[in-house]
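3D model of this:
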Amino acid sequence: MSERPALIQTTANHIQSLLSGEGSGHDWWHIYRVWQNAKNIAKNEQADLFIVELAALLHDIADHKFHGGDDTVGPRVAREWLESLQVEEPAIQHICLIIKEISFKGAGTISAMSSLEGRIVQDADRLDAIGAIGIGRAFAYGGHKGREMYNPEIKPILHDSFEAYKTASAPTINHFYEKLLLLKDRMHTTSAKAMAEKRHQFMEEFLEQFYQEWEGK
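So this is what the prediction gives:
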């Protein structure tokens, strides 16, 4: 048991070395925020903090968005890392399942989590996708992918499959309607729901201002 804090810190150091300086909004500081949020949420949920912390740290170790849409890479790379640390197999299986299930898969699909720990990490990840930081990350990723900021001629699509969602390349503003504005009502935990309300409101205010400025007002 005493080894667990050391395993968590070693993992944090590893992820920091891998993702520091990344420019799409999926950098070390994203991981750090998700990690801290997940710990705070877990305090009220009587969850296994060891699982929560490692899953939060490893959830984007090999994101499908940067591996040709392959959503098996993340769990596989996470398993390799955890095995190198000699983490117990049941914990590895639990953490890898969280990583497999965590991604948003489209407005018309269900992203069910199999455990309390998974729901906590998913809430923490989704909180970082909304509000002021979520807006910044959305435009950082859109620029990284060479997407238009906004095009009023291209309407949002509520994707009904993970494949359709993964292959979409619409302007960044569309992403608000295709994902970000939907996340408030998909939070699992009481504390995440409360935090999401304020962040959701900020996004709505941002969009209202954005459209006014677009029309020169």
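
same for the biggest helix by length in the chain, what does it pack against?
Using DSSP state H to define each element, the chain has its longest helix at helix 190-214. In this structure, helix 190-214 packs against helix 28-42, helix 116-127, helix 131-144, helix 172-178, with contacts taken as 3 or more C-beta pairs under 8 Å, 6 or more residues apart in numbering; DSSP states H and E. For the C-beta atoms, the positions are set from N, CA and C on the backbone; glycine is no exception.

tell me which of these sits most buried.
A comparison of those by mean neighbour count, using mean count of other C-beta atoms under 10 Å, puts helix 116-127 on top with a mean of 26.

which residue is nearest the middle of the chain?
For the chain, the residue whose C-alpha lies nearest the mean C-alpha position (C-alpha atoms, centre = their mean) is Asp125; its distance is 3.7 Å.

go ahead and confirm it touches Ile31.
No. With contacts defined as C-beta atoms under 8 Å, Asp125 does not count as touching Ile31, sitting 9.6 Å away.

least trustworthy helix or strand in this structure by mean pLDDT?
Ranking every helix and strand in the chain by mean pLDDT, DSSP states H and E puts helix 162-166 at the bottom, with a mean of 65.

rewinding a little: contacts only, for the residue nearest to the centre of the chain.
Contacts of Asp125 were listed using C-beta atoms under 8 Å, 6 or more residues apart in numbering, and they are Val34, Ala56, His59, Ile102.

could you tell me which residues touch both of Asp125 and Ile31?
In the contact map built from C-beta under 8 Å, 6+ apart, the residues linked to both Asp125 and Ile31 are Ala56, His59.

roughly how far is stretch 19-31 from the heart of the chain?
In this view, stretch 19-31 has its centroid 12 Å away from the chain centroid, taken as C-alpha atoms, centre = their mean, to the nearest Å.

show me what that stretch is in contact with.
15-16, 18, 56-57, 59-60, 63, 65-66, 128, 136-138, 140-141, 144-145.

again, only using 10 Å
Here stretch 19-31 makes contact (C-beta atoms under 10 Å, 6 or more residues apart in numbering) with 12, 15-18, 32, 56-61, 63, 65-66, 125, 128-129, 133-134, 136-145.

distance of the nearest residue to Leu207 once chain neighbours are set aside from Gln212?
Here the nearest residue to Leu207 in space, its sequence neighbours aside, is Phe176; by C-beta to C-beta, 6 or more residues apart in numbering that works out to 6.3 Å. Summarising the geometry, the distance separating Phe176 from Gln212, computed by C-beta to C-beta, to the nearest Å, is 16 Å.

check Ala42 too.
Using C-beta to C-beta, Ala42 is found at 40 Å from Gln212.

so where's the chain uncertain?
Within the chain, the set of residues satisfying pLDDT under 70 comprises 1-2, 64-70, 105-109, 160, 162-167.

try 50 this time
Counting by pLDDT under 50, the chain contains low-confidence residues at 1.

before we move on, the earlier item: what's next to the longest helix of the chain, contact-wise?
Under the contact criterion C-beta under 10 Å, 6+ apart, helix 190-214 has outside partners 37-38, 40-45, 119-120, 122-124, 126-135, 138, 149-150, 152, 173, 176-177, 180-187, 189, 217.

do I have it right that Ala78 meets Ile95?
Yes. Taking contact to mean C-beta atoms under 10 Å, the distance of 6.4 Å between Ala78 and Ile95 places them in contact.
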